[in-house]
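Novice: give me a 3D structure for the following:
(one chain, ligands or ions: 1)
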Amino acid sequence: MKLCMIGAGYVGLVSGVCFSDLGNDVICVDKDVKKISKLKKGMIPIYEPGLNELVKKNYKAKRLSFTSNLSEAVTRSNIIFICVGTPTKKNSNAADLSQIYSAAKEISKNIKSPKIIINKSTVPVTTGDQIEKIISQRVKKKLFSVVSNPEFLREGEAIRDFIYPDRVVVGTSNKKSNKILKTLYSPLISKGSKYINTSRRGAELIKYASNAFLATKISFINEISNLCEKTNVSIEDVSIAMGLDKRIGGRFLRAGPAYGGSCFPKDTRAIVDTAKKFQTDLSIIKAVIKSNKNRSKLLLKRIQNILKNKFKKKIICFLGVTFKANTDDMRESSSLSMIPYLAKKGSIIKYYDPTGFKNEFKNIKNVSNSLTISEACKGADLVIIHTEWNDFKSLNFKKLTKKKSFSIYDMRNILTNKHFNNDKIKYFGIGS
Ligand code: UGA
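Specialist: Purely as a prediction, here's the structure:
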């Protein structure tokens with residue numbers, strides 16, 4: 001099939017590359033000319049394990065191409081995916097849909113033969129209705145259909161999540177479009193993924209409800225970990241035992257710092273905002289947002305206790321600063337509030353991240369990037385494991401810090417107390 005992906009960001013690029021790997025002819029469009037020319041040279045704008053190889057392979061096989069010319073890309077394709085950003089609006093919690101609507105307008109100028117327009121971006125329920133309205137201002141309704149097909153990819157696991165999704169959700173009441181979509185996804189369905197056909201509005205809401213539920217699960221276990229800390233109970237035991245109940249399930253039940261990234265924080269805000277517009281109160285999701293905001297403050301309080309309230313001149317090493325492992329994404333990472341706070345208190349922060357230097361900390365006094373783990377740990381009074389990279393799982397901290405006594409705050413529980421038996425190293429985990 002001839003596909004066009006509008007927006008070569010996370011969702012557009014990963015989905016486009018994976019669709020091309022399934023044998024489709026895919027063209028990725030982006031108005032960022034620099035990004036497109038880099039992609040043509042095989043330079044990938046995001047850090048995503050496995051993506052580089054897959055882009056090169058399919059570009060070479062001529063199943064994958066890149067352009068900044070939307071009109072040309074739309075004209076030559078029968079299926080058009082909208083994969084643009086829907087960030088939080090500057091002065092409210094609502095999703096900013098300007099990129100969606102401008103894509104719809106541009107598409108409408110280039111429809112001369114039948115097209116299926118599929119929205120993959122995360123959008124509030126009823127956005128598909130608006131897209132249809134915009135396009136129908138120029139194009140006859142029988143020439144196009146607007147479908148919702150949300151994405152459930154996780155950064156760092158995106159390729160695997162694309163190939164082996166738990167479910168493919170397609171929102172349309174148009175039988176022909178549904179049949180074509182089912183054929184497009186048939187290689188994944190034949191490997192066991194469930195195909196769900198629902199209404200367009202249903203698909204839009206499924207995406208937000210899923211992200212909000214996962215965010216709720218994380219906030220729930222984070223709060224239980226607070227109780228574990230006070231009662232000397234292992235949060236790991238609680239998570240494992242709870243997760244073994246099939247009604248609960250073990251995934252996304254790992255306690256840690258505040259959840260971050262480009263999705264959960266923004267999508268929980270947006271669904272609450274949408275509900276408000278429809279006179280509905282999503283009080284549980286509101287509480288989740290509040291709990292997550294409070295999370296970084298709580299963890300900072302713990303750091304204050306570990307340092308016995310003495311921040312000045314203390315050397316603090318941050319291992320990992322991104323919102324999770326296997327990504328270079330800093331969006332809404334809890335390190336963005338914790339590091340400036342500690343630096344302002346007079347601590348000296350050295351950070352190491354496997355994905356390198358971060359612009360976000362560039363102009364902050366007392367904060368420096370270390371190129372190696374040993375450089376970051378040297379002389380540290382406190383080592384904070386902020387992100388769960390495998391690189392941090394079997395380190396000899398005594399050797400690295402070159403100090404006899406120091407503390408470790410493991411915000412991801414990748415180590416345990418047992419690692420530091422009979423040592424002058426004080427170990428603190430989440431919920432312990
Ligand atoms: C999330 C969803 O998991 C995807 O299904 C969805 O497609 C995507 O948002 C999106 O809407 O585009 P992502 O933000 O890439 O994916 O990352 P997650 O792996 O979900 O992690 C989000 C946050 O939750 C991270 O800060 C992570 O550290 C935290 N988390 C996750 C926990 O604290 N505990 C857990 O058990 C799991």
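
Novice: tell me if Gly260 really is in a helix.
Specialist: No - counting by DSSP: H, G, I helix; E, B strand; the rest coil, one finds Gly260 to be coil, located in no helix.

Novice: distance of it from Ile303?
Specialist: Separation of Gly260 from Ile303 (Cβ to Cβ, to the nearest Å): 18 Å. Quick note: C-beta positions are derived from backbone N, CA and C, even for glycine.

Novice: residue numbers of the stretch 101-250 of the chain in contact with the ligand?
Specialist: By Cβ under 6 Å from any ligand atom, the part of the stretch 101-250 of the chain that sits against the ligand consists of 122, 151-155, 211, 214, 218.

Novice: tell me the one of the residues you listed nearest Arg138?
Specialist: Thr122 (25.8 Å; Cβ to Cβ).

Novice: okay, now that closest one: neighbour count?
Specialist: Thr122 sits with 22 neighbouring residues when counted by other Cβ atoms under 10 Å.

Novice: could you do the one 4 residues further on as well?
Specialist: Per other Cβ under 10 Å, the neighbour tally for Thr126 reads 14.

Novice: tell me the pLDDT at it?
Specialist: Reported pLDDT at Thr126 in the predicted model: 98.

Novice: three-state assignment of the residue nearest to it when sequence neighbours are not counted?
Specialist: Using Cβ to Cβ, 6 or more residues apart in numbering and skipping residues adjacent in sequence, the residue nearest Thr126 is Arg201, 6.3 Å away. Here Arg201 is helix, with the state taken from three-state DSSP.

Novice: just to check, Arg201 is in contact with Gly128?
Specialist: Yes - Arg201 lies in contact with Gly128 (Cβ atoms under 8 Å); the separation is 6.9 Å.

Novice: which strand or helix spans the residue nearest to Ala158 when sequence neighbours are not counted?
Specialist: Spatial nearest neighbour of Ala158, excluding adjacent residues (Cβ to Cβ, 6+ apart): Val14 at 4.5 Å. In this assignment (DSSP states H and E), Val14 forms part of helix 10-21.

Novice: what about the strands in the stretch 201-350 of the chain?
Specialist: 315-319, 348-352 (DSSP state E, counting those that start in this stretch).

Novice: how about the strands in the stretch 51-200 of the chain?
Specialist: 64-67, 79-82, 115-119, 144-148, 167-171, 194-198.

Novice: so which bits of the fourth one are buried?
Specialist: By neighbour count, and taking 16 or more other Cβ atoms under 10 Å as the criterion, the buried residues in strand 144-148 are 144-148.

Novice: in a markdown table, list those residues along with distance to Tyr47 and pLDDT.
Specialist: Formatted as a markdown table, those follow (distance: Cβ to Cβ, whole Å; pLDDT from 0 to 100):
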| residue | distance to Tyr47 | pLDDT |
| --- | --- | --- |
| Phe144 | 36 | 98 |
| Ser145 | 35 | 98 |
| Val146 | 33 | 98 |
| Val147 | 30 | 98 |
| Ser148 | 28 | 98 |
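
Novice: now, among those, which is nearest to the ligand?
Specialist: Of all the buried residues of strand 144-148, the ligand sits closest to Ser148, with 13.9 Å by Cβ to the nearest ligand atom.

Novice: for that closest one, name its beta-bridge partners.
Specialist: Asn119, Gly171 (DSSP bridges).

Novice: count of residues packed around the residue nearest to Thr126?
Specialist: For Arg201, using other Cβ under 10 Å, the count is 16.

Novice: gap between the closest residue to Ile224 other than its chain neighbours and the ligand?
Specialist: The shortest distance from Ile224 to any non-neighbouring residue, by Cβ to Cβ, 6+ apart, is to Val238 (6.1 Å). In this view, Val238 and the ligand are 13 Å apart by Cβ to the nearest ligand atom, to the nearest Å.

Novice: how about Cys83?
Specialist: Noted for Cys83: a distance of 11 Å to the ligand, by Cβ to the nearest ligand atom.

Novice: report the contact partners of that residue.
Specialist: Applying Cβ atoms under 8 Å, 6 or more residues apart in numbering, one finds that Cys83 lies in contact with 5-9, 11-12, 15-16, 120-121, 151.

Novice: list the contacts of the closest residue to Arg331 other than its chain neighbours.
Specialist: Among residues not flanking Arg331 along the chain, Ser262 sits closest, at 4.5 Å (Cβ to Cβ, 6+ apart). By Cβ under 8 Å, 6+ apart, Ser262 lies in contact with 10, 155, 329, 331-332.

Novice: and for Gly9?
Specialist: Gly9 neighbours (Cβ under 8 Å, 6+ apart): 30, 46, 83-85.

Novice: hmm, try it at 6 Å
Specialist: The contact partners of Gly9, by Cβ atoms under 6 Å, 6 or more residues apart in numbering, come to none.

Novice: for the contacts of Cys83, which one is nearest Val321?
Specialist: Of these, the one sitting nearest to Val321 (Cβ to Cβ) turns out to be Gly9, at 21.4 Å.

Novice: quick check, pLDDT for that closest one.
Specialist: Note on Gly9: pLDDT of 94.

Novice: against Asp329, how distant is it?
Specialist: The gap separating Gly9 from Asp329 is 11 Å, by Cβ to Cβ.

Novice: same deal with Ser283?
Specialist: Noted for Ser283: a distance of 30 Å to Asp329, by Cβ to Cβ.

Novice: the residue nearest to Ala158 reaches Glu157, doesn't it?
Specialist: No - counting by Cβ atoms under 6 Å, Val14 does not reach Glu157; the two are 10.4 Å apart.
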